[in-house]
Each structure stands twice: as structure tokens, then as C-alpha cells.
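A.B. asks: make a model of this:
(one chain, ligands or ions: 2)
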Amino acid sequence: MTVPRPNLSWHERLYLPAVMGGLAVTLRRFSGTLGALVLGRRSKRVTMFDPEEKWEVPPGYRGAPTLVKDEDGREKCVSCQLCEFICPPRAIRIVPGEIPPDAPNAKIEKAPKEFSIDMIRCIYCGMCEEVCPEEAIFLLKDYAVTGLSRAQMVHDKARLYELGGVMPRPIKKWAAK
Ligand code: SF4
Ligand code: SF4
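C.D. replies: Ligands and ions are numbered 1, 2, ... in the order given. Okay, the predicted model is just below:
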């Protein structure tokens, strides 16, 4: 498809009216801010003090996925790898680990030896949270999970638990039968 070039009039070809129009918007905003600062005039603030101020996100907002522990600090994840299987961009990597038979939680059998989520790949779809049978993975409300390098954006197990924290839930898989 060919998009025809518009025929500009002579004053449009000067570009000065457009430049002056842009400057007028800047000056209008500047005088409004100056009036608010110097004279205490009320004006509608269009910026916020990030990261101290955050947007209120709606219920059901899907932020960064994290791992959570139960009230007693135990890992809920049992390394079933369903989330790894379902994740559309293949952002999750799990290495299952075996729980020693003499451990107090031995009836669970498995816990993740390694668990990482590549947040550069993640598309925040929430399917990992939905598929998890143990309620071990939850999406944060925080939308500003950042890093200074690609390596920092791959959240390892320690980072995922640090972000997720404790999530008290009714599932009591640790209780004796
Ligand atoms: S939110 Fe979606 S893309 Fe991100 S880790 Fe979970 S399943 Fe994968
Ligand atoms: S987070 Fe949930 S779905 Fe993923 S491996 Fe652990 S128990 Fe399975």
C-alpha cells in the first residue's frame, strides 16, 4: 500500500508554526508548575514521585511471578514442573531436587533444587499461577521489578522467595494424614 504524501502549504513547509505551537504547550505547563511552586497555586500534578509513589493497580493485576512459602517458612513448590511446561515463552527453568527420606517433610518427596524465571522472557500471562496445584507461585502487584543487567533479570530461587515472601493459605499438605 502506498501512502500518498500530503501537499504542504508554504507556511506548513516553514515548520515554524508547528515549532511555536510546541513551545506554547511547554510554556503553558511551565507557568502552571511555577505558579504552583512559587504562589502555592493549585494545579493538577501530572507527575508522581517514583518509586515512593506508585500507581494503584486494579484487583487481579498480573505483575511479576514469585515463589511463596507457608506460615512456617516451608517451600510450597513440589517441583511438579507444570508451570515450566505451561509457560508460553519458556521463561521458567526448574531442576527438581529430592527431599531426604529422613527429613520431617519427607512425604512431599520433591522440592526445587533450582528454580529461575527469566523476566525478560516473561509476558506476565499468569498461567504459572493458575496451573500450580500447590499455590506456590503468585503474581505480584508490583509492576516495577527491574534490574541493571540481563543476568539480574533472571530471578533465581532465592530472589523469587525474597519477592514472594510468606503466603498463608488453607492447603495443609504438611499435616499428618
Ligand atoms: S507469567 Fe506467564 S510468561 Fe511469566 S513465568 Fe508465568 S507462565 Fe511464564
Ligand atoms: S511452582 Fe507450582 S506448578 Fe511450578 S513446579 Fe512448583 S508446584 Fe509445580
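A.B. asks: show me what the longest helix anywhere in the chain is packed up against.
C.D. replies: The longest helix of the chain (DSSP state H) is helix 16-38. The helices and strands touching helix 16-38, judged by 3 or more CB pairs under 8 Å, 6 or more residues apart in numbering; DSSP states H and E, number zero. The C-beta positions use only the backbone N, C-alpha and C, and glycine is treated the same way.
A.B. asks: let's see it at 10 Å
C.D. replies: helix 10-14 (3 or more CB pairs under 10 Å, 6 or more residues apart in numbering; DSSP states H and E).
A.B. asks: so after the longest helix of the chain, what's the next helix or strand?
C.D. replies: Next along the chain after helix 16-38, taking DSSP states H and E as the criterion, comes strand 65-67.
A.B. asks: test my guess that residue 98 contacts residue 110.
C.D. replies: Yes - Residue 98 lies in contact with residue 110 (CB atoms under 10 Å); the separation is 6.2 Å.
A.B. asks: give the intersection of the neighbour lists for those two.
C.D. replies: Common contact partners of residue 98 and residue 110 (CB atoms under 10 Å, 6 or more residues apart in numbering): residue 79.
A.B. asks: count of residues packed around the nearest residue to residue 73 once chain neighbours are set aside?
C.D. replies: Spatial nearest neighbour of residue 73, chain neighbours left out: residue 166 (7.2 Å); criterion: CB to CB, 6 or more residues apart in numbering. Other residues lying near residue 166 total 13 when counted by other CB atoms under 10 Å.
A.B. asks: kindly report the same for residue 92.
C.D. replies: 21.
A.B. asks: and the gap between the nearest residue to it once chain neighbours are set aside and residue 120?
C.D. replies: In space, and not counting its chain neighbours, residue 92 is closest to residue 84: 4.4 Å by CB to CB, 6+ apart. Computed as CB to CB, to the nearest Å, the residue 84 to residue 120 distance reads 17 Å.
A.B. asks: repeat for residue 65
C.D. replies: 13 Å.
A.B. asks: overlap of the contact sets of those two?
C.D. replies: Residues touching both residue 65 and residue 120 by CB under 10 Å, 6+ apart: residue 91.
A.B. asks: okay, the two: which has more neighbours?
C.D. replies: Between residue 65 and residue 120, counted using other CB under 10 Å, residue 65 has the larger neighbour count: 28 against 10.
A.B. asks: bridged to that one, which residues?
C.D. replies: residue 139 (DSSP bridges).
A.B. asks: list the contacts for it?
C.D. replies: Here residue 65 is in contact with 83, 87, 91-92, 117, 119, 122, 124-129, 132, 137-140, 145, 155, 160, 163-164 (criterion: CB under 10 Å, 6+ apart).
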